[in-house]
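Engineer: Generate a structure from the sequence data that follows.
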Amino acid sequence: MSNRLLSAAICLLMLTSMAPTVTAVGPPDSVIWGISYDWTNYENDIEEMTGIDTNAVNEDLEAAADYAGFLLESDQVVSGMTEFFIESWDDDEPVEITDASGVTHEVTKRMTELTVRHGILGDMGFTAAWTDENESIDIWMSASMEELFVIDAAYIEYVDEDLMVYGGDLEMSGEFALESSLEFNIQVIAANEVLAPELGMGFSVSFEIPSISSEWRVDEPLDYLHHLSEEPTDDPDDSSNNSSDVYWADAGHCEWEGDDWDGDTRWYCDYDSDGYFDDWWFYCEWDDNEYLWYCTDDFGQSEEYEFSEGNTEHLNYTEDGGSGGGEYHSGLVEGDFSTITGYSMMLSIEGIPAEDFDINLDAFNVQLSDSIPGQGTFSEEMTVFSGAMWDWECPPVGGVENVNIDPSSNETASAQCGLAPPISMGMASMMGISMMMAFDSGVQELITAMEEQVGAWLEEISPEENDTFVCDNGEEIPAEWENDGDIDCEDGSDENESGGTYTCDNGQVIPEAWVNDGEEDCEDGSDEDGSEDVFQKYIDMFEALNNSNLEKTMEAFGEKLEELMEDNDPSEPLADLDDMCPIMFWDTSNSRVLGMALMATDEGDDYEVLLGPEIFGVKEHSYDLSVQYLTGQDARDAKLDALGLIELRDLAPESRHDVEELYDILGEDFLPELDQTDTDGDGVIDYFDQDDDGDGMFDWEDPDPLSAPEPPEPEEESGSIPGPGVLATISLLGAAMLIPRRDD
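Structural biologist: From the prediction side, this is the model:
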C-alpha cells in the first residue's frame, strides 16, 4: 500500500471510530428516510394546526385578572429536538449460517439501522398577587420537565435469493430518562397572621441500556417479506398466495370423531366448554402456546388428519384469510444485555408552623436516589406478526405512484402504496423481546431498591406507637390498659385520669384537667399557655378571607375570562386534524419500505401531501409543517449529525431554551445563581443571549460560543501558502484515494 493510501485509511479509521459502535455508515445507494422536529416551533404549530393561540390564552388570563383587580402573569417554554431515521441496504456477499435445526444455508444480508433521538426541555411558571386592605395572597409557582429517549439499533436479516428469512442478529443501545420538578410558594396574610409555606418536589427515573446483543435462527424459512412483494388475493385457486386463503377457527376442546351425528373422519369441537360439541372440522391442530385448537376445512377431508393434532400448519397462515399477513412462531431469540437503572426523589417543606401541628418537619425534607447496574441473558420464543394492506388509499394517492426518494439527485422510484410496517417485523420482534427482557430485569431491581428506601423513610415520618405502659414500680402492661377503669399495675399507677395534678410555676397545685381549659386557675396564670387556641388563628384567617372581596374577585375573574375566550375563537385551522390519512410506500422488487406520507385535505376533497416525499402529480398541502420529512442524501447527512447527539443538552441546548420572559415573571428565585456575564457587552447576559460572543453565529452552532473570531491579519507579500483546515485536509485525503496513479 502506498503512503498516500495508508495515511488516508488511518484518517478514515479515526473518524469512524468516533461513531457509536452499534451503527455503521450505509452505502451511498442505501434507502434512507426519516423525520425531524424542532420543539421551539411547538406553539406556532399548535396555532396553525388548531387555531389555538397559546400566547393569546395567557394574555386573556392576565387581562381577566387585571379586570378583577389582581395581578396574574404566566408563561411556558418548550424546546428540544425529535428525530428518527430508518436506513436499509443489501450486502450481497454470500455467507453461511446454521438454522435452529442444525442445517447450514448460504444466504445474504439485509441491513437495517434505526436511529432515534428525542430530547425536550419544558418550563412553565406563574405568579399571582391579590390584596384587600388587611388581607393578601401571593402565589409563586415554577415547574420543569426533561425528557430523553435515544435508540441506536443495527439489524442483520439473513435471506436467500427468494427472500425467505433464516434469522437475524441485533445490536442495540439506548436510554430513556424522565425528570420533573415543582416549586410552589404561597403567602397568606389575614387576621394579622401570616402563613407562608414553601413546597418543593422532584422525581426522576432513568433506564440506560449500554448494550444488547441477540441472535435469532428459524426452525424453517419464513416468507413474511413476501407480504411486500406479492399482493394478496381472494382467489382460492391461487396456490402462490395460500397464506392468505386459509380460514382458521379456534376452539377450547376438539376430538377426532368425537360425535357421530354427521359423519366420520372429522374433528368435533366444543367452543364454549359446556361439554357439548358445537361444530365439526376436517383438520385441527393444538397450539401449546395459546392453549387453543385451530381448525379449518380448507385442506379437504382425509383420514390422515386424525394425527394432525401436533402439526403447526396454522402458524404460517392468517386467521382472517384476506389481510395479506400472518403470525409466525419462528424459533428462539437468545441474547445478553447490560443495564443501568436509576431514580431520584426529592421533597422539601418549609414555612409550616410544625409546633402547631406537632410534626417533625425535618422528616419531610428528604432526598432519595439510587443507581443500579445490571446484566443478564435471555432465551425466548420468537413470534413474528407481519402483513400489508395493499388496497389502502388516500385518494388520489393509491396503487402505484412515482415518488421522489432523493431530492438532491431527483432520484425517483415506482412505489406500491398502502399500509405496512416501516421496518422488518423480524427486527421489530427482536427489539421488542430484547428490550422487554432488559427492561424487566432493570425495573425489578429498581423497584426493590425504591421499596427499601421509601419504606425506611415512611417509617421515619410515621408517628411512634407506644405499645406498652410502664407502671411507677417498673411493671409493664399493654398501653390500652391505661385508664380503662381497672387497676392493672400492682401500685395502681395505670389509673391516673381522675387523680392527676398540675403544679403551677408559683408552686400552687391544681387538678391536671384544669390545664389549658380556657380559664386561669393558677394565681400566676401559668396553667394557660394558649395551646388550646392552636387552630383558632387559622379559623380566624379563614373567616377574614371569607369576609374579604376574594370571592367576588374570583367570580369577576371567571366571568371576564369566559367573555374574553369567546371573543378569541380559534381561527380556521389550516389542516383538518380529523381528516388525515397516513400511507406507506414500498418497493415490491425487494420488499423494502421507501418512506411514508401524512395526507390531509385542504380546499377540496382530495388529499394533499402534508408531510412526506414529493409524489408526482399530487399537490402539496398549503400549510408547511415545521416537521421536516427527510429522504436520500438529506436524511443521510441529518442522521450522521444525529449520531453524535446522545445527551439531553445536545438535543435541547440551554442556549436555545429562551426563559428570559419566565425570569422576568418569576424573578431571582427562578434562577437563584444566575451568572451575569455578558461576553460581547451587548446588554444581554450570556445565559439569555443566543450569540454570546457577537460573531453572528448562534451559540448552538458555534464551536466556541464565548470567543469571537479574531479579525484577519493583513496579508503579507510572500510566497507562502496558507495551511488547509481540517475539513479541507479530509477532502484532500479522500480525493487522493480516488485519483488513479499515472501508471494505472
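Engineer: C-alpha only now, for contacts and for neighbours.
Structural biologist: Will do.
Engineer: shouldn't Tyr268 be in contact with Cys254?
Structural biologist: Yes. The pair Tyr268 / Cys254 is scored as a contact, 5.4 Å apart, by C-alpha atoms under 8 Å.
Engineer: ok now do the residue most central in space within the chain, which residues does it touch?
Structural biologist: Nearest to the geometric centre of the chain sits Phe149, at 6.3 Å (C-alpha atoms, centre = their mean). By C-alpha atoms under 8 Å, 6 or more residues apart in numbering, the residues touching Phe149 are 116-119, 174-177.
Engineer: Name the next helix or strand downstream of whichever strand or helix holds Glu208, please.
Structural biologist: If you go by DSSP states H and E, Glu208 is part of strand 198-222. As assigned by DSSP H and E, the chain's next helix or strand after strand 198-222 is strand 249-251.
Engineer: which residues in the protein form helices?
Structural biologist: For the chain, helices defined by DSSP state H occupy the ranges 3-16, 42-50, 54-68, 354-357, 425-461, 536-546, 550-567, 633-643, 648-651, 660-666, 726-738.
Engineer: quick one, which of those helices is nearest to Tyr158?
Structural biologist: Across the helices of the chain, Tyr158 has its closest neighbour in helix 425-461 (10.4 Å, C-alpha to C-alpha).
Engineer: Which residue, neighbours along the chain excluded, lies closest to Asp391?
Structural biologist: Gly418 (6.1 Å; C-alpha to C-alpha, 6 or more residues apart in numbering).
Engineer: Oops, could you answer that again for Arg592 instead?
Structural biologist: Using C-alpha to C-alpha, 6+ apart, the closest residue to Arg592 is Trp586 (5.5 Å).
Engineer: before we move on, what about Tyr276?
Structural biologist: Spatial nearest neighbour of Tyr276, chain neighbours left out: Asp270 (5.9 Å); criterion: C-alpha to C-alpha, 6+ apart.
Engineer: The one you found: what's it in contact with?
Structural biologist: Applying C-alpha under 8 Å, 6+ apart, the residues near Asp270 are 251-254, 276-279.
Engineer: Quick check: it vs Ser302, distance?
Structural biologist: According to C-alpha to C-alpha, to the nearest Å, Asp270 and Ser302 sit 21 Å apart.
Engineer: now do Glu523
Structural biologist: Applying C-alpha to C-alpha, the value for Glu523 to Ser302 is 111 Å.
Engineer: what about the strands in the stretch 551-700 of the chain?
Structural biologist: 580-587, 592-601, 607-611, 628-631 (DSSP state E, counting those that start in this stretch).
Engineer: Out of those, which one sits most buried?
Structural biologist: strand 607-611 (a mean of 25; mean count of other C-alpha atoms under 10 Å).
Engineer: and that one with strand 580-587, angle?
Structural biologist: Using axes from the mean of the first three to the mean of the last three C-alpha atoms, to 10 degrees, the inter-axis angle of strand 607-611 relative to strand 580-587 is 80 degrees.
Engineer: which helices and strands sit right next to strand 607-611?
Structural biologist: Using 3 or more C-alpha pairs under 8 Å, 6 or more residues apart in numbering; DSSP states H and E, the elements in contact with strand 607-611 are strand 592-601.
Engineer: quick revisit: return the distance of the residue nearest to the centre of the chain relative to Thr468.
Structural biologist: 54 Å.
Engineer: what phi and what psi does the backbone show at Asp162?
Structural biologist: phi -100, psi 10 (degrees, to the nearest 10).
Engineer: ok, how many other residues are close to the nearest residue to Ser707 once chain neighbours are set aside?
Structural biologist: The shortest distance from Ser707 to any non-neighbouring residue, by C-alpha to C-alpha, 6+ apart, is to Asp693 (5.6 Å). Using other C-alpha atoms under 10 Å, Asp693 has 23 neighbouring residues.
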